[in-house]
Structures are given as C-alpha cells and as structure tokens.
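Undergrad: Quick check, what structure comes out for this input:
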Amino acid sequence: AGDSHEGHAHSEAEAPAGDQTQRAPVTQEQVARLGIKITRAVRGAIHREIRVPGEIKVNSDRVAHVVPRAAGVVRNVTKALGDSVQAGETLAWIESGELAEAKLDFYAKEAEVGCCEIKLPRAKSIHENVAKLISLLRQGAAEEEIHKLDGLEMGTYRGQLLTAYAAYLDARTTHEREAGLHAKEISSGQELLVAETTLRQARAKFHATMDTARFETLIAYTEAAQERQVAVFNAVAAEKRLRLKGAGDEVVAALRALVPKVAGLEPCLCDDPNCEEGKLPSVADSLGKDGRFAWYALRAPFDGTLTERHI
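TA: Next comes the predicted model:
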C-alpha cells in the first residue's frame, strides 16, 4: 500500500515490476457520475445495427417479360395476376395471321422437298441406265445382253439409242455386202460409194445420239440434285421463320407429317370424278381443317408468379 498523503482522496498500489499499463486515477464521485461498473468478463453477442434509406425492387435476373412472337388477336387468357405458374404452362392463346402464313409456307416448302425426293432418284437412275446401255452398244454386245436392260428406266433415250444403233448396224451390213459384191465385180463402184456414205452418216448419227443422251441425262441429274438442295434449304429457312413466330417442335412435326407421301402414286386416269385411286390429297384435307390452325400458346418460361398482366 502506498503512503498516505494529505490532500489526496485515493490510494494506488504500486505497479508490478515491468508493468507498463497506464492507469488513470478516478474518485468515487467520478465513478458514480460516469456510471462505471466493474463485473466479471464473460462471452456474449454484440448486436450492431445500421439504419439507412433504401428501396425494394424485384431481382431483374429472375423476371421475364413474356411477349408474343407474332402479332394477332388474343383469344383466351388462362392466368390471372398473382397466379403461380410452372415452366411451359400456357398463359394465353393468340390467333395470328402471320403464324398461319408461316405454317402454310413451311408446308409448301416441305412438299417441294418431297417432290425432289422423287425427281432426284429418277434422274440418277436414268443417267446410270443410259450409261450402261451406251457402254454395251459401244462394245457391240449381243442382243441378249442388251435386252437385259429392258426393265430399267431410261425415258425416251432407250428408243433413240436403239434406233440409231439399228440404223448403224443396217448401214454396216449393207456396206459389207456391197464391198463383197464389188470385190466380185458384181456391183458397181458407185453402189459401194453410196453404201460407204450411208455407213458414215449412220455412224455419225449413232455417236451423236450417244453423246447427246449422256450429256442430257447428266445435266438432268445435276439439275435435280441442285433443285433438291435448294428445296431443302428453303424448307429449313421456312422452319426457322415458323419457329420465330412461336411454333414449337410439336407443331413442326405435325405439319411435316401432314405432307402427303407421293412416292409411287400415278395420275388418276379413271373417268369417275369420285375416283380416289392415285389421287393426291388436297391441302385442306392434309391440314385437317383445324379451327385453331393460326393459334399459338404464350407459355411461361420458368416456374414463378404472375406479377403483371397487360395483354
């Protein structure tokens, strides 16, 4: 304990050796006035609170404005403000002329692809079969070998080639006969000269017919391949435009299924107007006369709550 000195109102213990703690002496009056309390130190939570002005807003990353893909007339609204919806659920039905036009365009482009699927194999078959026939004729194949190609499709080129080939064979036979007769001095040189001229003309016509058939069938095959490529491109573009108008996979698949499969159908030759044999279905029948053909659904993009409705 420190020494007592007159005029001081407190006592202070000496600091332990090496203790550098700063001590501020206070009086009892100061303790009472400042509300100083001494208690045991324990663990506890300190609550901090800051009050600032703010604004409540919707998280823009979790909000979607569902807008129509194509202009039209609202035919039905299925949800009200505040309703909870699931992803893909229909919010409203809209009838759009733009969508109808896009559907019909896609239907027409798909039908063109179907036609090309017939033309291209036929053009290819004619080109290949004509090439086979020309190869046999050039080799001077036997008649039995040539007749093996009778069932193959060649268009009008089979008749043209066989006619020119027959004329060439006939001219060659005549020339050979005249050459033999002339060698035996039975016929004149003039007759042999006429036979030689006829043979040259028949040979030239035969070769020209082969060249023309080969070239024209190749051109037809190439054009059919290009036409199909363009048709496929147009169909893909039409599908893209249709999807931009709000059509989904189901609509595209349904329209593609309605395109008539015309492979193997022949023109109707019967006199009866009600004859259905070989008759292609009409567009109206193919589309099923759907009363909602131009309708499309406005759907929820994800699970959520309808917060605004201004349709």
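Undergrad: that's a helix at Thr197, yeah?
TA: Yes - counting by DSSP: H, G, I helix; E, B strand; the rest coil, Thr197 falls inside a helix.
Undergrad: can you count the residues close to it?
TA: 12 (other CB atoms under 10 Å). C-beta here means a position set from N, CA and C on the backbone, and glycine is covered the same way.
Undergrad: where's it relative to Lys184, distance?
TA: Noted for Thr197: a distance of 21 Å to Lys184, by CB to CB, to the nearest Å.
Undergrad: quick one: the strands in the chain?
TA: Along the chain, counting by DSSP state E, strands occupy 73-77, 84-85, 90-95, 295-299, 304-305.
Undergrad: could those go into a markdown table alongside mean neighbour count?
TA: Listed next are those as a markdown table, based on neighbours: other CB atoms under 10 Å:
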| stretch | mean neighbour count |
| --- | --- |
| strand 73-77 | 12 |
| strand 84-85 | 15 |
| strand 90-95 | 18 |
| strand 295-299 | 19 |
| strand 304-305 | 12 |
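Undergrad: among the ones you listed, which is nearest Ala102?
TA: For these, distance to Ala102 was read as CB to CB. The smallest value, 10.1 Å, belongs to strand 295-299.
Undergrad: That closest one pairs with which strands?
TA: Strands that pair with strand 295-299, judged by DSSP bridges, come out as strand 90-95 (antiparallel).
Undergrad: May I have the partner strand as PDB, with CA atoms only?
TA: In PDB, the C-alpha atoms belonging to strand 90-95 read as follows (Å, rounded to 0.1, in the frame of the first residue of the first chain):
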ATOM      1  CA  THR A  90     -50.000 -21.800 -71.100                       C
ATOM      2  CA  LEU A  91     -50.700 -18.200 -70.100                       C
ATOM      3  CA  ALA A  92     -52.800 -17.200 -73.100                       C
ATOM      4  CA  TRP A  93     -53.800 -18.200 -76.700                       C
ATOM      5  CA  ILE A  94     -53.300 -15.900 -79.600                       C
ATOM      6  CA  GLU A  95     -54.600 -16.200 -83.200                       C
END
